[in-house]
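# Would you be able to build a 3D model of this:
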Amino acid sequence: MDTQNIKTPFFIFNPKSYLYGNELLKLATTADELAKKYDISVFVTGPFADLQAIAEATGQVIVTAQHIDGIVPCRGMGHVLPESISNAGARATFLNHAERPMTLAELSQAIKRTKELGLISIVCADSILEAKAIAQMNPEIILCEPTELIGTGETSDESYIRETNEAIKAINDQILVMQAAGISTAGDVYRTIVLGADGTGCTSGIVKAENPEQMLIDMVKAAVKAKKSLKERER
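Numbering: from 1, shown residues only. This next block holds a predicted model:
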């Protein structure tokens, strides 16, 4: 596992299937500028058909697939070949999202393939029990996100954030822990990072904002501000 190249606190802009084409590229290039300016890792996901365009239009963001299947080049009609998304320029992938759940066997094989190809795996867990099981597979990032809070604007409470962080780090302290349930404002980003998350991210809070580009800017700035606050506390 190599998480040394991920600069924390990281931020993931995950527009799911809300955006595609030029509208997505516009926000991806904004994210790229923010990653360069503030020297933090910013991930940008996109539909599979848009990954290469995002990769060609950016140089700093970590282009991220929304899913892969744990297959090798062979038969596999309709499945997502890891080599294909890597060839398109993706450097990371989500796995086991609530909208694309996987069995443990499928997840284990997919994580194995990411390691073979040097892709960063961002694996979703909707409970502390599931997070502990996933931690045994040694992904780079575990996203602790209770399914019932996704898209609600209601964030995980402090005890959940601290408990999941501690449970995962006790198994493997190299795994980065992401908390992103219900993130909808820059204030949510700041709070989540200050409470100990290694990173956070957002979908609807950005794509449904009156000015999505400005919301993306505000959220990344909030992550940077939280990092500074944590450093000041350590002094």
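# and Val177, bridged to which residues?
On the basis of DSSP bridges, Val177 is bridged to Ile142.
# Contacts only, for it.
Val177 is in contact with 141-142, 144, 164-165, 168-169, 196-199, counting by C-beta atoms under 8 Å, 6 or more residues apart in numbering. Just so you know, the C-beta spots here come from the backbone N, C-alpha and C atoms, and that holds for glycine as well.
# For this protein, which segments are assigned as helices?
Here the chain has its helices, by DSSP state H, at 21-38, 51-57, 82-87, 104-117, 128-135, 158-171, 186-194, 204-207, 212-234.
# ranking those by mean pLDDT, which is last?
Note on the helices of the chain: helix 158-171 shows the lowest mean pLDDT, a mean of 89.
# just checking, Pro212 touches Gly205?
No: in this structure, Pro212 is not within contact of Gly205 by C-beta atoms under 8 Å, at 9.3 Å.
# For the lengthiest strand in the chain, enumerate the helices and strands it packs against.
When the chain is parsed with DSSP state E, its longest strand is strand 120-125. Judged by 3 or more C-beta pairs under 8 Å, 6 or more residues apart in numbering; DSSP states H and E, the packing partners of strand 120-125 are strand 62-65, strand 92-95, helix 104-117, helix 128-135, strand 141-144.
# how far off helix 128-135 does the third one point, in degrees?
Using axes from the mean of the first three to the mean of the last three C-alpha atoms, to 10 degrees, the direction of helix 104-117 lies 40 degrees away from that of helix 128-135.
# how about helix 104-117 as PDB, C-alpha atoms only?
What follows is helix 104-117, C-alpha atoms only, in PDB (Å, rounded to 0.1, in the frame of the first residue of the first chain):
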ATOM      1  CA  LEU A 104     -17.100  -9.300  -0.300                       C
ATOM      2  CA  ALA A 105     -15.700 -11.700  -2.900                       C
ATOM      3  CA  GLU A 106     -16.200  -9.300  -5.800                       C
ATOM      4  CA  LEU A 107     -14.700  -6.500  -3.700                       C
ATOM      5  CA  SER A 108     -11.700  -8.600  -2.700                       C
ATOM      6  CA  GLN A 109     -10.900  -9.400  -6.300                       C
ATOM      7  CA  ALA A 110     -11.400  -5.800  -7.500                       C
ATOM      8  CA  ILE A 111      -9.000  -4.500  -4.800                       C
ATOM      9  CA  LYS A 112      -6.500  -7.200  -5.900                       C
ATOM     10  CA  ARG A 113      -6.700  -5.800  -9.500                       C
ATOM     11  CA  THR A 114      -6.200  -2.200  -8.300                       C
ATOM     12  CA  LYS A 115      -3.000  -3.200  -6.600                       C
ATOM     13  CA  GLU A 116      -1.800  -5.000  -9.700                       C
ATOM     14  CA  LEU A 117      -2.300  -1.900 -11.800                       C
END
